[in-house]
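> The following comprises the amino acid sequence and a computationally predicted model.
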Amino acid sequence: MTFGKGFGVSGAAVLCSSTVADYLLQFARHLIYSTSMPPAQAQALRASLAVIRSDEGDARREKTGGHSLRVFVPEYRICRLRLLIHAAPFQPLIVGDNSRALQLAEKLRQQGCWVTAIRPPTVPAGTAPTALNANRCA
């Protein structure tokens, strides 16, 4: 599990059974000798988890839950682009062509939206999306 998007901190963890953990300890020795998570990162993760589980976390999720759909769904039809509908603030808008995805991302950034063009090899060729985020638009 990665901690970047869901928790807002860096790092990751392998969540597994004790059998799998034992296997990894025996056969993935590079994990044992790699840099461990710093205490400050563990505390940041703990604080983030406290917010996620709290009333504040519920309020934040309620605030952003349908916002992205209200913002993006009417607009994407005008451009004749394919929007993959997700019930989350992040919406992938399938552009297809790398240069077109980059151009669209730049134009939307100029309009005050934080948009990223995602290109191969991260996604299959011909499916380049722009990643729209309703919480990052002015």
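Received the coordinates, thanks. Numbering: from 1, shown residues only.

> what helices or strands is the lengthiest helix in the chain leaning on?
Scanning the chain for the longest helix, with DSSP state H as the assignment, gives helix 39-53. With contacts defined as 3 or more Cβ pairs under 8 Å, 6 or more residues apart in numbering; DSSP states H and E, helix 39-53 has these neighbours: helix 4-7. Bear in mind the C-beta positions are built from the backbone N, C-alpha and C, glycine included.

> Under the pLDDT cut-off, which ranges of this structure? List them.
Across the chain, the ranges flagged by pLDDT under 70 are 64-91, 132-138.

> try 80
Regions of the chain meeting the criterion pLDDT under 80 cover residues 5, 29-36, 61-96, 111-115, 128-138.

> That one: strands as residue ranges?
Ranges of strands in the chain, per DSSP state E, are 82-83, 90-96, 116-117, 128-133.

> Tell me how this protein divides into domains.
Per automatic domain parsing, the structural domains of the chain span 4-53, 67-136.

> closest to Ala59 out of those domains?
Closest approach to Ala59 among those is made by domain 4-53 (10.3 Å; Cβ to Cβ).

> winner for burial among the domains of the chain?
domain 67-136 (a mean of 15; mean count of other Cβ atoms under 10 Å).

> Tell me who's in contact with Ser10.
Phe3, Gly4, Gln41 (Cβ atoms under 8 Å, 6 or more residues apart in numbering).

> Same check on Thr2?
Thr2 touches Gly11, Ala12, counting by Cβ under 8 Å, 6+ apart.

> who's it bridged to?
Partner residues in beta bridges with Thr2, using DSSP bridges, are Ala12.

> what's the spacing between it and Gly11?
Separation of Thr2 from Gly11 (Cβ to Cβ, to the nearest Å): 8 Å.

> I'd guessed Leu102 sits against Thr116; true?
No: applying Cβ atoms under 8 Å as the test, Leu102 and Thr116 come out as separate, 9.9 Å apart.

> Throw the domains of the chain into TSV and include distance to Ala59, thanks.
Supplementary listing: these in TSV, determined by distance: least, Cβ to Cβ, whole Å:
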stretch	distance to Ala59
domain 4-53	10
domain 67-136	13
